[in-house]
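Asks: predicted structure and sequence below. I'll ask about it afterward.
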Amino acid sequence: MLADDAACNSRNKFAGSVYANPGRQLDLYGDNIEVDYRGYEVTVENFIRVLTGRVPPSLPRSKRLLTDSNSNIFVYMTGHGGNEFLKFQDNEEISAFDIADAFEQMYQKKRYNEIFFMIDTCQANTMYSKFYSPNILATGSSVLDESSYSHDNDYDIGVSVIDRYTHYVLEFLEGINKTSHASMQDLFNSYDVGKIHSHPGVRDDLFKRPLDKALITDFFGGVAQAEVFPPVEPQEGTPNSGEDGIVDVDVDLDAGPAVGVANETTRAQMSSPDSIHSWTLHALKELRAWACLAVVGILVAFSWSR
Amino acid sequence: MRHWLRVSLHLCISLTYVLCTEASNEHFHEKLSLRSLRDGKVASTFTFTTVLNGVEPRHPETLGSKDASQHYNVFPLALGQVLREYGVTELHLSMNAGKWNYEQWGYPDELSAGTGAELWVWMGEGGPLSIEQRWDGLRNALSGLFCASLATMDEQRTTSPSMTFIPEGALPIWNRPHLLRHASLPSEHVCTENLTPFLKLLPCKSFSGIASLLNPHRLFDSDWHGMGIHVLWHPDKGVEIRLAFQSVSDPLRVSRSKRRGMCLSLKPTQSSSTKSPQDWSFRSLFNRQIDRQCPVARTSTIEVALPVNEAYSLEPSPSTVELNVARFYMTNESVPLDINFRWPAEFTYPVNPPSQSLVPLSVQRTLRGSSQAHGQVSVHLRNHLDESVQAMYLETMPWLVLFYLHTLQIKLDDAPRDDLISNISYIPSILHSRPTTLQALITVPPKATIRLTMDVTKAFLRYTEHPPDAQRGWDLPPAVIVPLVNGTLRGPAQPSLGSRIYTPILLVDLATPDFSMPYNVIIFTCTVLAFLFGTIFNLLTRKFVIVRLTLNPGCTVHDL
């Protein structure tokens, strides 16, 4: 979903390109991008419809999220946001409750195996605070009452081209290839508050697997590599390489939100936690709840006695 | 026994089908034509034609039943499935950006040059699905296929101007008539995401052949660019799909920025001193060259229009030259191919633009009036020929702008000339649903300018009908002018219409509320304050007394 036409806007000096840095090394728009929802079609209603699958029958397949209980879904959102909301198109907003309920509906409809939710806005971490469905791993760029900052200013275009958080996440992910064994823990360890200028957050209490066992390639790297070879002839040069399928990139824009849902269905098996492990988790949770209650009780009693 | 009969019948049918498809060849032709324009720009048109021989469009009566399986070699399956699913006989989809300058550039090679997206379709009536259902499904399918917002061309934008948009191919003779559906979306933009699915419909994609020149970074940087998908049916040939991409690039702009870079480097190379800014090559226009031939293309031609009475040089030498057109056949050329076109003379900007226009009529349409409620549409039509020209005039206006047909006036030199307009067909709009369709036949006297005016009102929208950027205004679709070729209007069955001319789009500023929160807060506070003030004021200033009515016998209540 892309609300703004930044690439082909006549004010963009570099037509058909959205660069991630002022040096123009990385073109996010590329040569073979596809955008499913754009312009006025990017609405909160459409976004929730895509997630929950409540769409009219004539909607084409490219505009649906065709996932099932074996699919890992990556949701990336960016734009202007605040405490528990993200603005769409500068005239409506999606709240943290809306997304949480949409994910719960997806869970009940068995539309996902795991969701990795990433958001880069001001006060981003409030957006995932209301999630309550299992198997969701969430991360955001900044805590409550904290802004999320931009990284690079391109003086040729006159605007900042990328956000700090997204820049450093992208920098980390650019070093990951299809066979990488880097885990989500490695990604979260790479967060540097000094560089990002805000406090990124991670929420893994709904996520069943330990973070150092969850590979990044479980959510990224579903890029199909296809090459078309020329017809077989006696002497043929090297086939033209470098055509690397579709790249799911979600671009941060000045005014409108960019919402991306990358869907990876290549996952074969869901690593369900064994019973002992789940039992310990459960016991730990219960213990924590009782401990919380006790602490609160002591505090109340203390204040009462005074 | 019966079962065996059925199986053998199925086998027979599938066998004949396979044989038929083997016999009916699919042809793929690709062509690139380039021509230098008067103002130094270069127009390039890529045309990819696929012909499916001996195939007829799907009959709408068969829409409910199972369709024959589709197997194509070079014909785009993704598009073929959509066409058969909705029983489309003829389809034209175009997505353009920029304003085509008819007077300086002449007609475009592909006529659909209106800004934004335009879709028009001829479909046979009948069958289990209504035309509206099929039109709706088709728009949705195409919007998914081409990554465009075509699904928003709903009944608020759909018209049927069958006098202006006559079929380019032929329509099969079925028992029910064919109907036209037309919609335009002037605010639609075109970018790489539209080109990607376009290239995927080609048999060679952008790996080889002429299509390898389609470089999005250069095409979308051009002064005007547009892509089109056209599906026609010819009774003798079959179904033809024509994919076209047109662009108008400006070599002067590119070379100027290059020259500036050279000045800074203080070392002009030898080649730069001899280079005219108007020169172009595949490298300079598209930043690519043709490295490989498309093996499945039946013909692969590059046409370069040669200037008349001017010196030029063309490298490599073309295969044939005839009638000011140089042709390169890819089969004769060696790859990699990069055509260089040089002008020895230095380019000079025409200070006064040449007076003779390249099209018979030039059109100027404006929406006048500063008010947010009322306005006036004004169309100036100038005839450049020495004979009078008849033209069809079409407005398909969304209900946002309401026409008052009784105020329609045609003036020639400030004198009303109502005889110049005839054959008016008018479908008024319905608020919140149907757009206006106004078609009329206009006669423009030789070497004259006529002015056509009509009063309009601008609609007041409901709160939820405003777009997200309501302050920007609404784009209105272009008007279409079609000069008649023979000067007479025959029936719509006989294509006597000339080439369509699209006017630039308009932007209408409708009354918009202040969507911001302070506005609501102020309104709410004011209401509360007014209510409190009014109550207290009444309490303070009014004197409430009880009037006792004593009904005397001689006096009635009215006398009190």
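Replies: Received the coordinates, thanks.

Asks: okay, now the residue of the stretch 251-400 of chain B found nearest chain A: neighbour count?
Replies: When distances are taken as C-beta to the nearest C-beta, the stretch 251-400 of chain B approaches chain A most closely through residue B:295, which lies 5.6 Å from it. C-beta: built from backbone N, CA, C; applies to glycine. A count of neighbours around residue B:295, defined by other C-beta atoms under 10 Å in any protein chain shown, yields 13.

Asks: so it, which of the three states?
Replies: When classified by DSSP: H, G, I helix; E, B strand; the rest coil, residue B:295 comes out as coil.

Asks: check for me that residue B:240 belongs to a strand.
Replies: Yes: under three-state DSSP, residue B:240 sits within a strand.

Asks: my read is that it contacts residue B:170, right?
Replies: No: with contacts counted by C-beta atoms under 8 Å, residue B:240 stays clear of residue B:170, the gap being 10.8 Å.

Asks: of the two, who's got more company?
Replies: Between residue B:240 and residue B:170, counted using other C-beta under 10 Å, residue B:240 has the larger neighbour count: 19 against 14.

Asks: tell me the spacing between that one and residue B:72.
Replies: When C-beta to C-beta, to the nearest Å is applied, the distance between residue B:240 and residue B:72 equals 13 Å.

Asks: joint contacts of the two?
Replies: residue B:52 (C-beta atoms under 8 Å, 6 or more residues apart in numbering or on different chains).

Asks: let me see the ranges of the strands in the stretch 1-150 of chain B.
Replies: B:26-36, B:42-53, B:88-97, B:116-124 (DSSP state E, counting those that start in this stretch).

Asks: looking at these, which is closest to residue B:183?
Replies: Taking C-beta to C-beta, strand B:116-124 is the member of those nearest to residue B:183, at 5.6 Å.

Asks: residues in contact with residue 59?
Replies: Just so you know, I chose chain A. Residues in contact with residue A:59 (C-beta under 8 Å, 6+ apart) are B:140, B:144, B:151.

Asks: should've been chain B
Replies: Per C-beta under 8 Å, 6+ apart, neighbours of residue B:59: B:87, B:124, B:127, B:172, B:174.

Asks: distance of it from residue B:236?
Replies: Relative to residue B:236, residue B:59 is positioned 19 Å away (C-beta to C-beta).

Asks: also residue A:77?
Replies: 55 Å.

Asks: in terms of helices and strands, where is residue B:453?
Replies: Element membership for residue B:453 (DSSP states H and E) is strand B:449-458.

Asks: buried set for stretch A:181-196?
Replies: A:182, A:183, A:184, A:185, A:186, A:187, A:188, A:190, A:191, A:196 (16 or more other C-beta atoms under 10 Å in any protein chain shown).

Asks: please identify the deepest-packed of the strands of the stretch 1-150 of chain B.
Replies: For the strands of the stretch 1-150 of chain B, ranked by mean neighbour count under the definition mean count of other C-beta atoms under 10 Å in any protein chain shown, the leader is strand B:116-124 at a mean of 25.

Asks: of the contacts of residue A:59, which is the nearest to chain A?
Replies: Scanning the contacts of residue A:59 for proximity to chain A, where the rule is C-beta to the nearest C-beta, the winner is residue B:144, at 2.4 Å.

Asks: so how many other residues sit close to that closest one?
Replies: 22.

Asks: report how many residues lie close to the residue nearest to it when sequence neighbours are not counted.
Replies: If you skip the residues right next to it in sequence, residue B:144 has residue A:60 as its closest partner in space, 2.4 Å away by C-beta to C-beta, 6 or more residues apart in numbering or on different chains. By the criterion of other C-beta under 10 Å, residue A:60 has 17 neighbours.

Asks: so residue A:60 sits against residue B:137, correct?
Replies: No: the pair residue A:60 and residue B:137 fails to qualify as a contact (C-beta under 8 Å) at a distance of 9.6 Å.

Asks: so what sits opposite the residue nearest the centre of chain A in the bridge?
Replies: Per C-alpha atoms, centre = their mean, the C-alpha nearest to the average position across chain A is that of residue A:76, at 2.6 Å. In this structure, residue A:76 bridges to residue A:118, residue A:260 when assessed by DSSP bridges.

Asks: report all helices and strands that the strand or helix carrying residue B:227 contacts.
Replies: Under the criterion DSSP H and E, the helix or strand holding residue B:227 is strand B:224-234. Based on contacts counted as 3 or more C-beta pairs under 8 Å, 6 or more residues apart in numbering or on different chains; DSSP states H and E, the elements that strand B:224-234 packs against are helix B:77-85, strand B:88-97, helix B:192-200, strand B:238-249.

Asks: kindly recompute the last result at 7 Å.
Replies: Helices and strands touching strand B:224-234, as assessed by 3 or more C-beta pairs under 7 Å, 6 or more residues apart in numbering or on different chains; DSSP states H and E, comprise strand B:88-97, helix B:192-200, strand B:238-249.

Asks: parallel or antiparallel, list what pairs with the longest one.
Replies: Paired strands of strand B:238-249, with direction, are strand B:42-53 (antiparallel), strand B:224-234 (antiparallel) (DSSP bridges).

Asks: mean pLDDT added to those, as a markdown table?
Replies: Output for these, formatted as a markdown table (pLDDT from 0 to 100):
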| stretch | mean pLDDT |
| --- | --- |
| strand B:42-53 | 95 |
| strand B:224-234 | 95 |
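
Asks: tell me which of these sits nearest to residue B:310.
Replies: strand B:42-53 (14.7 Å).

Asks: can you list the low-confidence ranges for chain B?
Replies: Counting by pLDDT under 70, the low-confidence segments of chain B come to B:1-24, B:255-275, B:350-355, B:486-496, B:553-560.

Asks: list the helices and strands the one helix or strand residue A:73 maps to packs on?
Replies: When secondary structure is defined using DSSP H and E, the element that contains residue A:73 is strand A:72-78. Based on contacts counted as 3+ C-beta pairs under 7 Å, 6+ apart, the elements that strand A:72-78 packs against are strand A:114-120, strand A:258-264.

Asks: the residue lying closest to residue B:482 once chain neighbours are set aside pairs with what?
Replies: Residue nearest to residue B:482 in three dimensions, not counting chain neighbours: residue B:392, with 4.3 Å by C-beta to C-beta, 6+ apart. For residue B:392, the residues forming beta bridges with it (DSSP bridges) are residue B:441, residue B:482.

Asks: neighbours around residue B:392, how many?
Replies: By the criterion of other C-beta under 10 Å, residue B:392 has 23 neighbours.

Asks: pretty sure it contacts residue B:441?
Replies: Yes: using C-beta atoms under 7 Å, residue B:392 is in contact with residue B:441, at 6.1 Å.

Asks: which regions of the stretch 101-250 of chain A sit below the pLDDT cut-off?
Replies: Across the stretch 101-250 of chain A, the ranges flagged by pLDDT under 70 are A:222-250.

Asks: good, we can wrap up now.
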